[in-house]
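Trainee: I'd like to go over a predicted model; first the sequence, then the structure.
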Amino acid sequence: MALRSGLAAQLGFAAETTWGTYQTPDHFVEFVSEQMKLDRTRTLAKGIRPNKTVPRSQRFRTTKIQAGGTINLEANSNSFGLLFKHMLGASAQIADGAGYKRSYTLADPFGLGLTVQIGTVAITGSVLTRSYLGCKVTDWELATQIDSPLNLTLTLDAVNEDTTQSLATASYASNTTSEVFFADECALTIAGSTLKTYDFKISGKNNSKVDRFYVGSQYKGEPILNAYRDLTGTITADFNDFTIYNYFTQDNTATGSIVLTATGAKTYDTNKPNKIVVTIPVIRYDGESPMVTGPDLVRQTIPFTIMDDDTQVPIQIDYYTKDSAD
């Protein structure tokens, strides 16, 4: 019997051949929640007609249509490569035993688009679809804390919502290799030394022109990067000494590289565990001073900004997985 609640919902997505054109989802992942919605701008004519004190129903029109919102996920060892590509812009792969090392780096995302379909459950048990076309990742955050999975939050900009498409048949990676990454499987190093952390987050904002509306159409053109990306993060740790703090006080970006590694319990080949590795070679540490707020342990909040030294890629996500394609 069909369930009649969000327990029967599904999330699928696919890379579009042409930006803004529906593509049947071929990637399916478990998701925590979503806040995707349609936005219609209604414009009202201002002409006066005698003795009318309420706007007339014949005198408005939808002049802009767009969509978007957020999706909350838990990082998985399979099917996330396409999301990483759309977060950063470029992908490459090399064979690694029975699996692959897939690497994602910054590039112009123009031409990239996702169709994201959400199976939305009616009280009758029917699963109806909301498909979002031309999805661009405008913001993303990879974060975890004690007793938590490694969470990925995506903010998407879309050109339109389509409720006419059939529900795609969901297919998920095999449980023999697929898994969610958790906080206790994550390790973080700064300048090659392990740092014990309470929490961390790495965030990206792909600053783009997302309101490319023109006379003659209700729909906007494809978003275009029009400002520097904002790539930042925050770490919370015990105060050990002034080593990390001195990166802030001395404006030292040549040292203090950050590497985040999430290593799964399952393998895609002998001695080859599922893994996500985020490498950030050049960091500007932005403070702050370690403060004594009471008798408890002194903690240190470590905000940072990712920089480009013209030599190394500013950020790289390596995804060790069974997946043979993004």
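Mentor: Received, thanks. If you're wondering where the values come from, they're calculated on a predicted model, not measured in any experiment. Residues are numbered from 1 along each chain as shown.
Trainee: buried residues in the strand or helix carrying Thr70, which are they?
Mentor: Applying DSSP states H and E as the criterion places Thr70 in strand 60-74. Using 16 or more other Cβ atoms under 10 Å as the burial criterion, the residues of strand 60-74 that qualify are Ile65, Gln66, Ala67, Gly68, Gly69, Ile71, Leu73, Glu74. Every residue, glycine included, has its C-beta placed from N, CA and C.
Trainee: now Pro303, which residues is it bridged with?
Mentor: Beta-bridge partners for Pro303, by DSSP bridges, are Thr234.
Trainee: what do you get for Gly204?
Mentor: So, taking DSSP bridges as the rule, Gly204 has Trp140, Leu231 as bridge partners.
Trainee: for Tyr245, phi and psi?
Mentor: Note on Tyr245: its backbone torsions stand at phi -60, psi -30 [degrees, to the nearest 10].
Trainee: so what's the closest residue in space to it that isn't next to it in sequence up against?
Mentor: Spatial nearest neighbour of Tyr245, excluding adjacent residues (Cβ to Cβ, 6 or more residues apart in numbering): Pro290 at 6.7 Å. Pro290 makes contacts with Phe239, Tyr245, Val298, Arg299, Gln300, as judged by Cβ atoms under 8 Å, 6 or more residues apart in numbering.
Trainee: what does Asn240 give?
Mentor: Neighbouring residues of Asn240 by Cβ under 8 Å, 6+ apart: Gln300.
Trainee: is it part of a helix or strand, or is it coil?
Mentor: With DSSP: H, G, I helix; E, B strand; the rest coil as the basis, Asn240 sits in coil.
Trainee: what separates it from Thr253, distance-wise?
Mentor: Noted for Asn240: a distance of 21 Å to Thr253, by Cβ to Cβ, to the nearest Å.
Trainee: for the strand holding Thr70, list the C-alpha coordinates in PDB.
Mentor: Taking Å, rounded to 0.1, in the frame of the first residue of the first chain, the C-alpha atoms of strand 60-74 are listed here in PDB:
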ATOM      1  CA  PHE A  60      -3.100  41.700 -14.400                       C
ATOM      2  CA  ARG A  61      -0.600  39.400 -15.900                       C
ATOM      3  CA  THR A  62       2.300  37.200 -14.800                       C
ATOM      4  CA  THR A  63       5.300  39.000 -16.200                       C
ATOM      5  CA  LYS A  64       8.100  37.000 -14.700                       C
ATOM      6  CA  ILE A  65       8.400  33.300 -13.900                       C
ATOM      7  CA  GLN A  66      11.300  31.700 -12.100                       C
ATOM      8  CA  ALA A  67      11.900  29.100  -9.300                       C
ATOM      9  CA  GLY A  68      14.500  27.900  -6.800                       C
ATOM     10  CA  GLY A  69      15.200  27.100  -3.200                       C
ATOM     11  CA  THR A  70      17.300  24.800  -1.000                       C
ATOM     12  CA  ILE A  71      17.900  21.000  -0.700                       C
ATOM     13  CA  ASN A  72      19.400  19.400   2.400                       C
ATOM     14  CA  LEU A  73      21.400  16.200   1.900                       C
ATOM     15  CA  GLU A  74      23.700  13.900   3.700                       C
END
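Trainee: report the mean confidence score over that strand.
Mentor: Strand 60-74 shows a mean pLDDT of 97.
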